[in-house]
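# A predicted structure for the sequence below; I have some questions about it.
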Amino acid sequence: MRRNFTVVYLLVLLCSNVVPAASQPAASFTEARTARYFDSIREDPNLLVAFLLQMPKGGDLHSHLAGAIYAETLIDWAGQQNACVDPTTYYLTPSLKLATNDPYCPAPTVLAETARKNTTLYRGMIDAYSMRNWQLSDQSGHDHFFDTFDKFGAATHGNTGAMLAHTAARAASQKEIYQELMFTPTGKAFGDMLGSEAVKKIPLPDDAPTETFTRLRQAYLENGMGASVTEAIALTDSAEEIRQKQLKCGSGQADPGCDVTQRYLFQVLRGLSKEIVYAQMVLGFELAMADKDKRRFVGLNMVMPEDYYVSMHDFPLHMRMMQYLHSQYPGVHITLHAGELVEGLVPPEGLRSHVRDSVEAGSERIGHGVDVLNETNGLELLNEMARKKIMVEICLTSNDVILGVRGKEHPLHDYMKAGVPVALATDDEGVSRSDMTHEYLRGVQDQNLTYLQLKSMARNSLEYAFLQGESLWNDPNMQKQCPEMQKGGAITAQCGNYVARSGSKKAALQFELEKQFRQFESQPWIMNGMAPQRAK
């Protein structure tokens, strides 16, 4: 059996440019012309950026909300909050109050707002809250990256709505129309639930049987889970109201970000105690069920460094928890960070099973998956992921600056050759100081991706999104109702009306992406390497 797989895999390698496309539009003249123009400028990074900036990109399926905010914005928020900053470590803390009610920062900290006039402090804070100049920090990229969150975390408190607004506006500027954003809306009710005697008296050992998961889940449900869900929904409602107000949605001055569809992944903090991790998992599933009418919380993810002690030690328990809860909430989607590891970061045995275990726990997508071919029977795992259509969220900049993985060392082309669906994502664009356009640029320069491969990834970002409804390409009536979608022709109003009647949010966004591609590719590209002429 293993020998047969190897033969199949080698055949796939030989045919790596052959991608099944029976359910998607046939190549058109304008698409081929755009691809030729792309090839003519791919060695010119400036023209390439200009091209990619305007290219439709679909969605971003792997974006941490707090990590998406740029340091300059975080500094502004810290100033508005009268936060204090240590000018040596750059950690933000809340200020104290004097008798006069004026904010006060105990030495050696100073008010963060002083950074606006102190250029040394300002640039130091930017470097500390991002990967800018990290090579000068005396830290590895990995350590500098993960340390940023504790340093700037105070600035994000109470700013969820503003973070949604910022990410939506930037997504629109990058020609994205969809985002799945990771954050954890918890508050006092969640803490009260964890502190209840009924919950605390149920032990959770590493080898806990399924019965323990059942008892503990029931204890949550009977001792505050409902209030925790209500609180999370209220926090999200408030954040969305702030987002709409800041973007001026519904007014004549509405920001283009108003047209970006945002959905949420409840992020579970895998580096915390196993009791908190399990409680967060249950809350995430319950929240997705309670909010199903609005369809905002579309799934769960697990975050925090995968190589930390608790993350590694508790990983088998986490996967058993997730697998059990997946059986209790089968309609809730799961995507998991897995394989964000490299040789040397953990012992060799730490590279052997995280991606496979995540797939077996019910994950429909994998975030990063960098160490996949270090796993036991890695080629068979690729085959299984291709067969099950387990998409991989590829974060090229993040994998480079955190793990030092780039070029041929990155498994992107191994996934593609094996038929595993992939899409580019930003991960933490504010901390990494990147954006989706530059993820695409890195895809071209570092991974030698073609225009058609980038276009396929943009489509994948919606095809594998946790959106409500059937895919545009899975609709058996699509070819009959919208023949132009299959032939690459101009899209008619009849086709648009049919998609609208389908009631599928996924199909509607896919339809919008196809319209954007038709418009983008209709430009009269000039093959001499100059910027395209605009039709008069």
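Yes, it's here. Numbers count the residues shown, from 1 in each chain.

# where does the nearest residue to Gly299 once chain neighbours are set aside land on pLDDT?
Leaving aside its chain neighbours, Gly299 sits nearest to His333 (3.3 Å; criterion: C-beta to C-beta, 6 or more residues apart in numbering). For the C-beta atoms, the positions are set from N, CA and C on the backbone; glycine is no exception. On pLDDT, His333 comes in at 98.

# Likewise for Cys15?
In the prediction, the pLDDT value recorded for Cys15 is 40.

# now Val260: how far from Lys175?
Separation of Val260 from Lys175 (C-beta to C-beta, to the nearest Å): 10 Å.

# Between the two, which is the more surrounded one?
Val260 (23 against 20; other C-beta atoms under 10 Å).

# Verify the stated contact: that one with Ser173.
No. Taking contacts as C-beta atoms under 8 Å, Val260 lies outside contact range of Ser173: 10.0 Å.

# got the domain boundaries for the protein?
Segmentation of the chain into domains, based on automatic domain parsing, reads 2-41+470-521, 71-156, 160-460.

# For Leu382, give me phi and psi.
The phi/psi pair for Leu382 (degrees, to the nearest 10) reads phi -60, psi -40.

# Report the spatially nearest residue to it, omitting neighbours in sequence.
Sequence neighbours aside, Ala418 is the residue nearest to Leu382 in space, at 4.0 Å (criterion: C-beta to C-beta, 6+ apart).

# So for that neighbour, what's the pLDDT?
On pLDDT, Ala418 comes in at 98.

# thinking it is in contact with Lys389, fair?
No. Judged on C-beta under 8 Å, Ala418 makes no contact with Lys389 at a distance of 12.0 Å.

# Comparing these two, which residue is more hemmed in?
Ala418 (22 against 13).

# Make sure Tyr264 is indeed in a strand.
Yes. Under DSSP: H, G, I helix; E, B strand; the rest coil, Tyr264 falls within a strand.

# partner residues bridging it?
For Tyr264, the beta-bridge partners under DSSP bridges are Leu181, Phe297.

# Can you show me the strands along the stretch 201-350 of the chain?
261-269, 297-303, 333-338 (DSSP state E, counting those that start in this stretch).

# Then the chain?
58-64, 84-85, 92-93, 96-97, 103-104, 110-111, 176-183, 261-269, 297-303, 333-338, 365-368, 391-394, 422-424 (DSSP state E).

# weakest of those strands by average pLDDT?
Ranked by mean pLDDT, the strands of the chain end with strand 96-97 at the bottom, a mean of 90.

# Contacts made by it with the rest, please.
Residues from elsewhere that reach strand 96-97 (C-beta atoms under 8 Å, 6 or more residues apart in numbering): Pro103, Tyr104, Cys105, Pro106.

# One more pass at 10 Å, please.
Asn82, Cys84, Asp102, Pro103, Tyr104, Cys105, Pro106, Thr109 (C-beta atoms under 10 Å, 6 or more residues apart in numbering).

# how about the helices in the stretch 1-150 of the chain?
Taking DSSP state H, counting those that start in this stretch as the test, the helices found in the stretch 1-150 of the chain are 2-14, 29-41, 45-54, 71-80, 119-128, 141-156.

# nearest residue to Ala338 other than its sequence neighbours?
The shortest distance from Ala338 to any non-neighbouring residue, by C-beta to C-beta, 6+ apart, is to Ser358 (4.0 Å).

# how about that neighbour, what does it touch?
Applying C-beta under 10 Å, 6+ apart to Ser358 gives the contacts 302, 315, 318-319, 322-323, 334-339, 365-367, 369, 390.

# Next one: Glu521 relative to Ala458, how far apart?
The value you get for Glu521 to Ala458, if C-beta to C-beta is used, is 12 Å.

# Would you format the strands of the chain as JSON lines with mean neighbour count and distance to Thr148 included?
Output for the strands of the chain, formatted as JSON lines (neighbours: other C-beta atoms under 10 Å; distance: least, C-beta to C-beta, whole Å):
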{"stretch": "strand 58-64", "mean neighbour count": "27", "distance to Thr148": "11"}
{"stretch": "strand 84-85", "mean neighbour count": "26", "distance to Thr148": "14"}
{"stretch": "strand 92-93", "mean neighbour count": "21", "distance to Thr148": "11"}
{"stretch": "strand 96-97", "mean neighbour count": "12", "distance to Thr148": "25"}
{"stretch": "strand 103-104", "mean neighbour count": "16", "distance to Thr148": "24"}
{"stretch": "strand 110-111", "mean neighbour count": "17", "distance to Thr148": "20"}
{"stretch": "strand 176-183", "mean neighbour count": "25", "distance to Thr148": "16"}
{"stretch": "strand 261-269", "mean neighbour count": "23", "distance to Thr148": "16"}
{"stretch": "strand 297-303", "mean neighbour count": "24", "distance to Thr148": "14"}
{"stretch": "strand 333-338", "mean neighbour count": "26", "distance to Thr148": "17"}
{"stretch": "strand 365-368", "mean neighbour count": "28", "distance to Thr148": "18"}
{"stretch": "strand 391-394", "mean neighbour count": "27", "distance to Thr148": "21"}
{"stretch": "strand 422-424", "mean neighbour count": "25", "distance to Thr148": "22"}
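
# between the ones you listed, which gets nearest to Gly124?
strand 84-85 (9.3 Å; C-beta to C-beta).

# Direction included, what does the closest one pair up with?
By DSSP bridges, strand 84-85 pairs with strand 92-93 (antiparallel), strand 110-111 (antiparallel).

# Flag every buried residue along stretch 382-399.
Within stretch 382-399, the residues scored as buried using 16 or more other C-beta atoms under 10 Å are 382-386, 390-399.

# Closest one of these to Thr214?
The closest of these to Thr214 turns out to be Ile390 (C-beta to C-beta; 27.7 Å).

# gap between that closest one and Gln267?
Taking C-beta to C-beta as the measure, Ile390 falls 20 Å from Gln267.

# same deal with Leu509?
Leu509 sits at a distance of 23 Å from Gln267 (criterion: C-beta to C-beta).

# again, but for Met385
Met385 sits 23 Å away from Gln267, going by C-beta to C-beta.

# Ok, Tyr37 next?
Tyr37 is 40 Å from Gln267, where distance means C-beta to C-beta.

# Same question for Ala50.
In terms of C-beta to C-beta, Ala50 sits 35 Å off from Gln267.

# again with Gln139
24 Å.

# now do Glu470
Distance from Glu470 to Gln267, by C-beta to C-beta: 27 Å.

# And the contacts of strand 96-97, which two are furthest apart?
It's Asp102 and Thr109 that sit farthest apart of those, by C-beta to C-beta, at 15.1 Å.

# For the two, work out which one has more neighbours and name it.
A count of neighbours by other C-beta under 10 Å puts Thr109 above the other of Asp102 and Thr109, at 20 against 10.

# ok, the residue lying closest to that one once chain neighbours are set aside - contacts?
Closest residue to Thr109 in three dimensions, ignoring its sequence neighbours and counting by C-beta to C-beta, 6+ apart: Cys84, at 3.9 Å. Residues counted as contacts of Cys84 (C-beta under 10 Å, 6+ apart) are 78, 91-96, 103-106, 108-112, 114, 154.

# The same query, at a cut-off of 8 Å, please.
Leu92, Thr93, Pro94, Ser95, Cys105, Pro106, Thr109, Val110, Leu111, Ala112.

# Could you do Phe511 as well?
Leu472, Ile491, Cys495, Gly496, Val499.

# With Met182 instead?
Ser63, His64, Leu65, Tyr264, Leu265, Phe266, Gln267, Asn301, Val303.

# now do Gly224
Contacts of Gly224 (C-beta under 8 Å, 6+ apart): Ala189, Phe190, Asp192, Met193, Ser196.
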